[in-house]
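K.L.:
I would like to see how this sequence folds:
(one chain, ligands or ions: 4)
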Amino acid sequence: SLNESLGRQVGDLLLAVVADRLRNLLANDDVLTRLAADEFVIMRPALQAEAEVKMLASQMLTCLAEAYDIKGQRLSISASIGIASDDGSVEQPKELLDNAALAVREAKRQGGNTFCWNHGAASTAGTEQVMMRCELMEAIEARQFVVYYQPLVEAKTGRLRSAEALVRWNHPVRGLLLPGAFISLAEQTGQIVAIGRWVLHQACMDMAQRWRQTGQAVSIAVNISPLQFRRPEFIDDVLAVLEASGLPPELLELEVTEGVLLSGIDKAISMLESLRDLGVQVAIDDFGTGFSSLSYLRQLPITKVKLDRSFIIDVTTDRGSAAIVQGVITMAHHLGLLVVAEGIETVEQQNYLAASDCDLLQGFLYSRPVPLGQFALGLEY
Ligand code: C2E
Ligand code: CA
Ligand code: CA
Ligand code: CA
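P.N.:
Ligands and ions are numbered 1, 2, ... in the order given. Presented below is the predicted three-dimensional model:
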């Protein structure tokens, strides 16, 4: 029942509390480290009887559960503990970690505040996920993310109107990774919040600088994960980034998916209203792929809808896609919203959408996403 800001403070305190409480239980050559925000690993080099390790685990749970006070609230920590040991078959340390991670999952499945022991081998998929999760943590700190930009052009004139910021991960071993390779994991682990905040900051700094240099008022569109959008602090992040960059608010556009409605339409509306009050634009991304009905659009204080690429692919050949595209454009215009079509690859698609009164076009036909240095030096496409 904690509010989120208190929850965050608690998260920060977690490391201190866990280290402090467990200190007495740990032996001298044990190693305690933090794997993710609320995930910890204890490594014990010496081999031990199973009973002894289980005793340790249950003592940890008791120790953590002991209540303490923070800002007048009484809190206690519960944990899901996974245990794995090297029976001689473990070839790499990460295997051990994966076995433990699977055991944690089992402990959670059993309702948490308990421990489980994994004697089996982890699956390779599990291994990769655990590796990647650690790497993502490092990537944020080591600044391995890069923002690429893709132009959005006015359908009628071909003039550059805005740029969409699309994140890439410059992985030290695997090279440049597209969002498809890491965003969904980052969503699962919550790391998308830190990544997304960085992208927002970088994109606004880049575009404010470009704006000052060229005098071209090109707006910047940034993708916002539902996880980011749902945090009450999000509005402060946006305000801070506008201040830091000096970007005029009307040049910032946030792209959210229908996923933001999942946490309740009233909450979403109040966040959207706060953004509108700041003067920031909001677009509904991947429009048409979600679960919601078209009618909720009327209730949302937004400025734009982006038709999903799946409708654009066959818009010139498939009557179903064409009907949806026409319907969305007509309806959005009646509601005073602009419409963007993404994934324009051919001149036929471009002409079809321009003739259908679509406002803005985006796709490989104009440009792939490129680093800032290569982004739109001219204004015409
Ligand atoms: P999206 O927001 O729907 O972005 C459009 C995607 O379509 C981009 O893929 C873009 O490169 C691609 N695209 C654009 N034009 C064309 C085209 O003509 N043909 C084809 N085949 N593809 C085209 P990308 O960069 O791989 O990004 C994929 C998704 O990852 C994005 O989809 C967005 O949902 C997510 N994403 C990217 N950056 C961020 C970010 O900073 N934060 C969050 N939360 N999500 C992001
Ligand atoms: Ca987008
Ligand atoms: Ca999209
Ligand atoms: Ca999409």
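K.L.:
contacts and neighbour counts: CA atoms only from here.
P.N.:
Noted.
K.L.:
could you find the closest non-adjacent residue to residue 345?
P.N.:
Using Cα to Cα, 6 or more residues apart in numbering and skipping the chain neighbours, the partner closest in space to residue 345 is residue 365 (4.5 Å).
K.L.:
and for the closest residue to ligand 3 within the stretch 201-350 of the chain, nearest residue in space, chain neighbours not counted?
P.N.:
Of all residues in the stretch 201-350 of the chain, the one sitting closest to ligand 3 is residue 286 (4.2 Å; Cα to the ion). Once flanking residues are discounted, residue 286 sits nearest to residue 308: 4.2 Å by Cα to Cα, 6+ apart.
K.L.:
neighbours of that neighbour, how many?
P.N.:
By other Cα atoms under 10 Å, 20 other residues sit near residue 308.
K.L.:
hmm, it is touching residue 284, no?
P.N.:
No - at 10.0 Å, residue 308 and residue 284 do not qualify as touching, with contact defined as Cα atoms under 8 Å.
K.L.:
could you say which helix or strand holds residue 51?
P.N.:
Under the criterion of DSSP states H and E, residue 51 resides in helix 50-65.
K.L.:
which SSE is immediately downstream of that helix?
P.N.:
The first helix or strand that comes after helix 50-65 along the chain, using DSSP H and E, is strand 68-70.
K.L.:
I'd like the distance between the residue of the chain positioned farthest from its centre and residue 102.
P.N.:
Centroid-distance maximum for the chain: residue 49 at 42.3 Å, with Cα atoms, centre = their mean. Distance check for residue 49 against residue 102: by Cα to Cα, to the nearest Å, it reads 21 Å.
K.L.:
for the helix or strand harbouring residue 267, the averaged confidence score.
P.N.:
Taking DSSP H and E as the definition, one finds residue 267 inside helix 265-278. The average of the pLDDT scores along helix 265-278 is 94.
K.L.:
average pLDDT for the lengthiest strand in the chain, rounded please.
P.N.:
The single longest strand within the chain, with elements called by DSSP state E, is strand 160-171. Rounded to a whole number, the mean pLDDT of strand 160-171 is 96.
K.L.:
over to stretch 218-228?
P.N.:
For stretch 218-228, the per-residue pLDDT values average out at 96.
K.L.:
strands along the stretch 251-381 of the chain, start to end?
P.N.:
Using DSSP state E, counting those that start in this stretch, the strands of the stretch 251-381 of the chain run over residues 252-256, 281-287, 304-307, 338-342, 360-362, 370-371.
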